[in-house]
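Engineer: Kindly return the folded structure for what I paste below:
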Amino acid sequence: MNINLMPREPLFDRFYHVWLALTILSIIAFAVLCYYVYALETETVQALQEQNSEMTRTKEELSQELAAYREREAFWQENEPYYVYRDAVEAQGAVSHAWDEILSAMEEALPSGGQLIQVEVTERVAQGLAVVHSVDGAASFVQRMHDVLLVEDVALEAVNAPEEFAPLHVEGEQASVIRFRLTAAKPEQSDAEDRRPEDEA
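Structural biologist: Just a heads-up that it's a prediction; the model follows:
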């Protein structure tokens, strides 16, 4: 019977290769983990830098727009009276031009021998007197004025004998004096209204 009196081999020595393999694998795993963390941090930092750059550009654009708005606002406050006056003059000119065309249309709409005697204009309404020589002539005048685009409505209020208007010295045996009321069409909304100078830039 053989008896081994040698001490037993230490556990570390018996599993040396196993410990070595585990150590190497641990180092490799740690290195991979470090690389992954580094790559993740790099990607995060890059994304934050891009976001910061975008925010900086947006801030600069907003600052430029705000500066331009303040400049336009100051310009408007300084020049507002001029634009208000200009728009008022343009509006009045448009109204006057429209009534000039309507009055010309009245003269053309009168039948042969007809004559405008009096026209009073108040804003969009005109009341007038005219001489015609027949009832058909009065009806024709009203119909033709209805066809004028600048006219919204025409009403024949009365047909009177010339004697009722003696101071007018109306001549003609069959002459009649008609009293009419005319309403001009509303002017189209102008783009200049409520327009500020920055809209013209």
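Engineer: give me the low-pLDDT residue ranges for this structure?
Structural biologist: Within the chain, the ranges that satisfy pLDDT under 70 run 1-14, 91-95, 97, 161-174, 187-201.
Engineer: which residues in it form strands?
Structural biologist: Applying DSSP state E to the chain gives strands spanning 115-122, 125-132, 151-160, 176-184.
Engineer: right, and those strands - which one's nearest residue 90?
Structural biologist: Among those, strand 176-184 comes nearest to residue 90, with 17.3 Å by C-beta to C-beta. Where you see a C-beta, it was placed from the backbone N, CA and C, and this is true even at glycine.
Engineer: In the closest one, which residues are buried?
Structural biologist: For strand 176-184, the neighbour count (16 or more other C-beta atoms under 10 Å) marks 176, 177, 178, 179, 180, 182, 184 as buried.
Engineer: quick one: that strand to chain centroid distance?
Structural biologist: On the basis of C-alpha atoms, centre = their mean, to the nearest Å, strand 176-184 sits 40 Å off its chain's mean C-alpha point.
Engineer: Distance check, the nearest residue to residue 115 once chain neighbours are set aside against residue 19.
Structural biologist: Take residue 115 and drop its neighbours on the chain: the residue closest to it by C-beta to C-beta, 6 or more residues apart in numbering is residue 131, 4.6 Å away. Applying C-beta to C-beta, to the nearest Å, the value for residue 131 to residue 19 is 129 Å.
Engineer: if you count what's nearby, which of these two comes out ahead?
Structural biologist: A direct count of neighbours by other C-beta atoms under 10 Å for residue 131 and residue 19 places residue 131 higher, at 21 against 13.
Engineer: Any idea what residue 130 is bridged to?
Structural biologist: Note on residue 130: beta-bridge partners by DSSP bridges are residue 116, residue 178.
Engineer: correct me, but it touches residue 176?
Structural biologist: No. Residue 130 is beyond contact range of residue 176, at 9.4 Å (criterion: C-beta atoms under 8 Å).
Engineer: so who does the residue nearest to residue 118 when sequence neighbours are not counted touch?
Structural biologist: Spatial nearest neighbour of residue 118, chain neighbours left out: residue 129 (4.5 Å); criterion: C-beta to C-beta, 6+ apart. Neighbouring residues of residue 129 by C-beta atoms under 8 Å, 6 or more residues apart in numbering: 116, 117, 118, 119, 165, 168, 177, 178, 179, 180.
Engineer: In CSV: those residues, plus distance to residue 37.
Structural biologist: Output for the contacts of residue 129, formatted as CSV (distance: C-beta to C-beta, whole Å):
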residue, distance to residue 37
116, 97
117, 101
118, 98
119, 93
165, 106
168, 106
177, 104
178, 100
179, 98
180, 94
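Engineer: From the residues you listed, pick the one nearest residue 136.
Structural biologist: Nearest member of the contacts of residue 129 to residue 136, counting by C-beta to C-beta, is residue 178, at 12.0 Å.
Engineer: ok, now which ones touch that closest one?
Structural biologist: Residues counted as contacts of residue 178 (C-beta under 8 Å, 6+ apart) are 129, 130, 131, 132, 138, 141, 156, 158, 159, 160.
Engineer: so how far is residue 109 from residue 159?
Structural biologist: 16 Å.
Engineer: How about residue 15?
Structural biologist: 121 Å.
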